[in-house]
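Trainee: structure, please.
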Amino acid sequence: MLSMSNQFKIVSPINLSLVTMYFTLWYYFEESNSFALIPPNATMTNEDEFTFECNGDAWIETNLMNLIELLVSSTSISRIDNIEQLINYYNRIIQSILSLNIYTVDNLEKLRSFASLVRCITALFPAEQAKNVFENACSPGGFNAAFENCNAIPEFIEYLRNLFVDSESTTDNVLLHRHRTLLKLAMEFLKNWPPNNNEQYPEVLALLSKRFVAIFSQDFVIY
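Mentor: Now for the predicted structure:
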């Protein structure tokens, strides 16, 4: 776990333009006795940004959020030995955090999206191949659960679908299982999408429907 000195900083408002968090969440404490929690890769430019209020222990909340960032980092994922064990870790941490009613842990949905992705991949690929597929998908610049617009979710599902190389021996049952699994993943991504994107949900659903109808008609002969 990161040390307190690495997560907590006292910064004068005059130096706000210098507060940029590149790798991990930092708990920011300013002279005006207010608090802010700065997300990774974000820059704080005024005192009203990233206001942080915590009903519990701010140190615990910050550690939980940093733990999630470390668990889903490409560096941690590249060190996976057992992908089934990773699923268990993700699930146990998610359930444990959900039981802590006084902590919001704002990036929990991020971990849930990663857990959904790894479950989907292990359901569709053999274990060793699943490990490589997950690692490649989450490599730097790849999947980070931060879908910027309504096209991003269907596009990522399409990326996964294109990883399959079908042959004449691929049965309709295999194709149907794949489509159902990918559709379930898309729905879970949508469910875990940040609430401030809820106005885009209908558009995402329409795009997903259109994409899956097109894929289904390509892979199945309709009599």
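
Trainee: can you pull the pLDDT of the closest residue to Ala146 other than its chain neighbours?
Mentor: Among residues not flanking Ala146 along the chain, Lys110 sits closest, at 7.6 Å (C-beta to C-beta, 6 or more residues apart in numbering). To be clear about C-beta, it is placed using only N, CA and C from the backbone, and glycine gets the same treatment. We note a pLDDT of 93 for Lys110 in this prediction.

Trainee: what are the contacting residues of the helix or strand harbouring Lys110?
Mentor: Taking DSSP states H and E as the criterion, Lys110 maps to helix 108-124. Identification of contacts with helix 108-124 by C-beta atoms under 8 Å, 6 or more residues apart in numbering yields 68, 71-72, 83-84, 86-87, 90-91, 93-94, 97-98, 130, 133-134, 137-138, 143-146, 160, 164, 177-178, 181-182, 184-185, 188-189, 192-194.

Trainee: next SSE after that helix?
Mentor: Downstream of helix 108-124, the next assigned helix or strand under DSSP H and E is helix 127-137.

Trainee: that following helix vs helix 108-124, what angle?
Mentor: For helix 127-137 against helix 108-124, the angle by axes from the mean of the first three to the mean of the last three C-alpha atoms, to 10 degrees is 140 degrees.

Trainee: average model confidence for helix 127-137?
Mentor: Looking at helix 127-137 alone, the average pLDDT works out to 93.

Trainee: list the buried residues in that helix.
Mentor: Using 16 or more other C-beta atoms under 10 Å as the test for burial, helix 127-137 gives 130-131, 133-135, 137.

Trainee: repeat that for stretch 81-90.
Mentor: Neighbour-count burial for stretch 81-90 flags 83, 86, 90 (criterion: 16+ other C-beta under 10 Å).

Trainee: closest one to Ile102 out of the residues you listed, please.
Mentor: For those, the residue nearest Ile102 by C-beta to C-beta is Tyr90; the value is 22.2 Å.

Trainee: my guess is the closest one meets Leu71, correct?
Mentor: Yes: using C-beta atoms under 8 Å, Tyr90 is in contact with Leu71, at 7.2 Å.

Trainee: stretch 65-77: how far from the chain's middle?
Mentor: Here stretch 65-77 shows a centroid-to-chain-centroid distance of 10 Å under the convention C-alpha atoms, centre = their mean, to the nearest Å.

Trainee: which residues sit against that stretch?
Mentor: Residues outside stretch 65-77 that contact it (C-beta under 8 Å, 6+ apart) are 1-2, 7, 24-25, 37, 40, 89-90, 93, 105-108, 110-111, 114, 134-135, 138-140, 142, 144-145.
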